[in-house]
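Student: what follows is a predicted protein model with its sequence.
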Amino acid sequence: MSDGMHKPNRLINERSPYLLQHAYNPVDWYPWGEEALRKAKEENKPIFLSIGYSSCHWCHVMEKESFEDEKIAELLNTYFVPVKVDREERPDIDEFYMKAVIMMTGHGGWPLTIFLTPDLKPFFGGTYFPPRRRGGLRGLDEILRGVAELWRKDPKQIMEAAEQNVSLLKSFYTTEKSVSTPSYNLVVTAFDILATSFDSLYGGFGGAPKFPMPVYLDFLQVYS
């Protein structure tokens, strides 16, 4: 939303209501496309991908707390190529990277926050992050500095993690498209991940904020 202080970024030319909500952020957002990918490759910068939708409460919270914060915007603009995606406009991108984050963390939701190599391979992610450390949640500023430093000092470690994640995702999609019954080990592994992330005190899976994941419940019902 315009505050009279910031010039619009590239999202001002988009049609998505969600992307237009971020058109006056101090973050130099790019829409998903060749321009962002080319910049990441030419400048050898990781991509900061943020996915949400216009009626998402926590998306608005993260925008107000972090994406309108000048210091966080400076970190994003200096060390990353920030990309915004509307999940209702690009459900294919949302689905792929949601699976990546669930695989890496055990839970997912929106806003979806993912760090990618310049060739779009995910190496770290999560959902909502506060601007600065709050309770048990790491702050986005801390995460941005940490990722930027690791990318500068040891990009090989990041690339190896990204390659491993892509291999696991390929295995997931291969299994998903197969008409055969999933292996016993795969089913047990899926159950173990859910069991580990289950919140026995407040319910749901993972930490706050939580989001309804009907597919988890469907799986557990069949598993039982």
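Tutor: Noted; the coordinates are in hand. Numbering: from 1, shown residues only.
Student: for Ser50, grab phi and psi.
Tutor: When read as degrees, to the nearest 10, the backbone of Ser50 gives phi -120, psi 120.
Student: so it sits against Val83, correct?
Tutor: Yes: between Ser50 and Val83 a contact is recorded at 7.2 Å, counting by C-beta atoms under 8 Å. (Each C-beta comes from the backbone N, C-alpha and C, glycine too.)
Student: out of these two, which sits in the busier spot?
Tutor: Here Ser50 and Val83 are compared on neighbour count by other C-beta atoms under 10 Å; more neighbours surround Val83, at 25 against 22.
Student: is it true that the more buried one touches Leu49?
Tutor: Yes: counting by C-beta under 8 Å, Val83 sits close enough to Leu49 to count as a contact (5.0 Å).
Student: domains in this structure, by residue range?
Tutor: Residue ranges for each domain of the chain read 10-180, 181-224, as given by automatic domain parsing.
Student: so, low pLDDT: which residues of this structure?
Tutor: 1-5, 174-187, 190, 193-194, 197, 202, 204-219, 223 (pLDDT under 70).
Student: which residue ranges of it form helices?
Tutor: In the chain, helices defined by DSSP state H lie at 17-21, 34-43, 57-62, 70-79, 91-105, 140-153, 155-177, 184-197, 214-223, listed in chain order.
Student: follow-up on the earlier one: out of the domains of the chain, deepest packed?
Tutor: Mean neighbour counts were compared across the domains of the chain using mean count of other C-beta atoms under 10 Å; the top stretch is domain 10-180, at a mean of 17.
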